[in-house]
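In: A structural model of the following input is requested.
(chains A and B)
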Protein chains: 2
Amino acid sequence: MRDAYADQLDSIRDDLLTMTRLVGNAVSHATRALLDGDAGVAEQVISEDAAIDALRVTIENRSFELLSLQNPVAGDLRMLVASLRMVSEFERMGDLAVHVAKIARLRIPDVAVPDEVVPTIARMAAVAEVMIAKVGHVIADSDVAAAEELEQVDEEMDKLRRSSFRELLGSDWKHGVEPAVDIALLGRYYERIADHAVSIARRVVFLVTGEQPTYID
Amino acid sequence: MRDAYADQLDSIRDDLLTMTRLVGNAVSHATRALLDGDAGVAEQVISEDAAIDALRVTIENRSFELLSLQNPVAGDLRMLVASLRMVSEFERMGDLAVHVAKIARLRIPDVAVPDEVVPTIARMAAVAEVMIAKVGHVIADSDVAAAEELEQVDEEMDKLRRSSFRELLGSDWKHGVEPAVDIALLGRYYERIADHAVSIARRVVFLVTGEQPTYID
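Out: Numbers count the residues shown, from 1 in each chain, chains lettered A, B, ... in the order given. Okay, here's the model as predicted:
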């Protein structure tokens, strides 16, 4: 028979999956706000970030409670500590989606991203969303192989970032300073979202294998 | 008589203070590399980041060991979990210093920051260094009042960031796209260093008071 403690551990994992979904939505909506110049969607991303922050506090409180009251050992201990560290990363990903939405809002009724850079930014956003979806899979199934795949997907993000710099620093750039600064910061935000996804996946690897990855970004 | 366990907890605190000092040096040297266009100092910051990463792994392993073997409760449990979360933030601060050093290196023999923006960037760096020094004080003395002061200092960082944007987006800006992008990213890096300092200080407040701050960035 399962006991209340096992149920509580499961419920933390469920909450982490909910948090993954909320963060995925935030990134997806922020990108829509950005590329469509949609003020309503931008506002929605900004206001809905409070739900991500609140879920973080819930998961933190529950994890601390179990740590304090149950004296967990081995795998359970690692799982609770990992959840405390992962929620910080998810919350940062939500904040980064808010930063994207705020750049969108700042330029409305215009669109912050000039036409010829749209494919690069759209691809960055798509890569970030794929990575978040994979993180959900890694958490749900403790899937170490999927965690390793994430690192490969992250390489595409690095390439896209470099390619966006080539565009805005190239001699063809005719949009001046403001859109260049927007693109540089947007690239940074999507890159960091991807970095956090990789970092969360590595924490799951540590959970499953008990081995500390040699480097977590 | 003090036991080995108490000594181990103290030694984790000492390592956190060493990490604070290493991160403070990294930020200070990265700024020097940036404002003097000094390639040697930039390379030093980049290569010395490995020591920060290594110390992070040391502190993580020790904290996990104590968590696993000693079943700590209450304050000790919170201290160990906080140390695991703080080392991630210190490591990020080190990475951000490396990002500053890399922008410096990219522009050498030129200096990335145009003369008229030097005071703003120099002030941002000074504020970041003050905040890191205060974090050391907060950790060494569990000083909740100093943690609150940090939040006020952080407000100056936000003002400096806005002021740097006014400069580079103003009609007087005559340096073109590349230095503008550098300044925007540098501003972001120093701002994030400051945010991590605030976040670490808040974790110490939680340690001391047992109350979860309502929001940690």
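
In: Show residues contacting stretch A:102-120.
Out: A:30, A:33-39, A:42-43, A:46, A:121, A:160, A:163-164, A:167-168, A:175, A:179, A:182-183, A:185-186 (Cβ atoms under 8 Å, 6 or more residues apart in numbering or on different chains). For glycine as for every other residue, the C-beta is placed from the backbone atoms N, C-alpha and C.

In: now with 7 Å?
Out: Stretch A:102-120 is contacted from outside by A:33-35, A:37, A:39, A:42, A:46, A:121, A:160, A:163-164, A:167, A:175, A:179, A:182-183, A:185-186, using Cβ atoms under 7 Å, 6 or more residues apart in numbering or on different chains.

In: swap in stretch A:47-58?
Out: A:15, A:18-19, A:22-23, A:26, A:87, A:90-91, A:94-95, A:98, B:212, B:215.

In: Kindly report the same for stretch A:186-204.
Out: By Cβ under 7 Å, 6+ apart, the residues outside stretch A:186-204 that reach it are A:27, A:82, A:85-86, A:89, A:92-93, A:96, A:99-100, A:103, A:121, A:124-125, A:127-128, A:131-132, A:135, A:138-139, A:142, A:147, A:150-151, A:154, A:157, A:161, A:164, A:213, A:216-217, B:185, B:188.

In: run the last query once more with 6 Å
Out: A:82, A:86, A:89, A:92-93, A:96, A:99-100, A:124, A:128, A:131-132, A:135, A:138, A:147, A:150, A:154, A:157, A:161, A:164, A:213, A:216-217 (Cβ atoms under 6 Å, 6 or more residues apart in numbering or on different chains).

In: One more: stretch A:88-98?
Out: With Cβ under 6 Å, 6+ apart, stretch A:88-98 has contacts from A:19, A:23, A:26-27, A:30, A:45-46, A:49, A:52, A:56, A:189, A:192-193, A:196, A:199-200.

In: Quick check: phi and psi on A:Gly176?
Out: Here is the backbone geometry of A:Gly176 (degrees, to the nearest 10): phi 80, psi -170.

In: Spatially nearest residue to it (excluding sequence neighbours)?
Out: Among residues not flanking A:Gly176 along the chain, B:Val177 sits closest, at 7.3 Å (Cβ to Cβ, 6 or more residues apart in numbering or on different chains).

In: The one you found - how many residues pack around it?
Out: 21 (other Cβ atoms under 10 Å in any protein chain shown).

In: Test for you: state the pLDDT assigned to it.
Out: pLDDT, B:Val177: 96.

In: Any stretches of chain A with poor pLDDT?
Out: A:1-2, A:212-217 (pLDDT under 70).

In: and it, which residues reach chain B?
Out: Taking Cβ under 6 Å from any Cβ of the partner chain as the contact definition, chain A meets chain B at A:Asn71, A:Leu169, A:Val177, A:Glu178, A:Ala180, A:Val181, A:Ala184, A:Leu185.

In: so which helix or strand takes in the last one?
Out: Okay, so that is A:Leu185. helix A:177-209 (DSSP states H and E).

In: now that helix: how far from the chain's centre is it?
Out: 7 Å (Cα atoms, centre = their mean, to the nearest Å).

In: Who wins on neighbours among the residues of chain A next to chain B?
Out: A:Ala180 (25 neighbours).

In: distance of the closest residue to A:Trp173 other than its chain neighbours from B:Ala184?
Out: Counting by Cβ to Cβ, 6+ apart, B:Val177 is the residue found nearest to A:Trp173 once chain neighbours are left out, at 6.2 Å. According to Cβ to Cβ, to the nearest Å, B:Val177 and B:Ala184 sit 10 Å apart.

In: so A:Val138 touches A:Ala147, yeah?
Out: Yes: look at A:Val138 against A:Ala147 with Cβ atoms under 6 Å: they come within range, at 4.9 Å.

In: Tell me how many other residues crowd A:Arg32.
Out: Neighbours of A:Arg32 (other Cβ under 10 Å): 18.

In: do A:Pro179 as well
Out: A:Pro179: 21 neighbours (other Cβ under 10 Å).

In: The one 3 residues further on now?
Out: Residue crowding around A:Asp182 was assessed by other Cβ under 10 Å; the count is 23.

In: which ones are touching it?
Out: A:Ile103, A:Ala112.

In: The strand or helix carrying A:Ile121 relative to helix A:177-209, how many degrees between them?
Out: Applying DSSP H and E as the criterion places A:Ile121 in helix A:118-141. Relative orientation of helix A:118-141 versus helix A:177-209 (axes from the mean of the first three to the mean of the last three Cα atoms, to 10 degrees): 20 degrees.

In: Identify each buried residue in helix A:118-141, please.
Out: By 16 or more other Cβ atoms under 10 Å in any protein chain shown, the buried positions in helix A:118-141 come out as A:120-121, A:123-125, A:127-132, A:134-139.

In: Could you give the separation of it from the chain centroid?
Out: With Cα atoms, centre = their mean, you get 8 Å for helix A:118-141.

In: now stretch A:47-67
Out: How far stretch A:47-67 lies from its chain's middle: 16 Å, per Cα atoms, centre = their mean.
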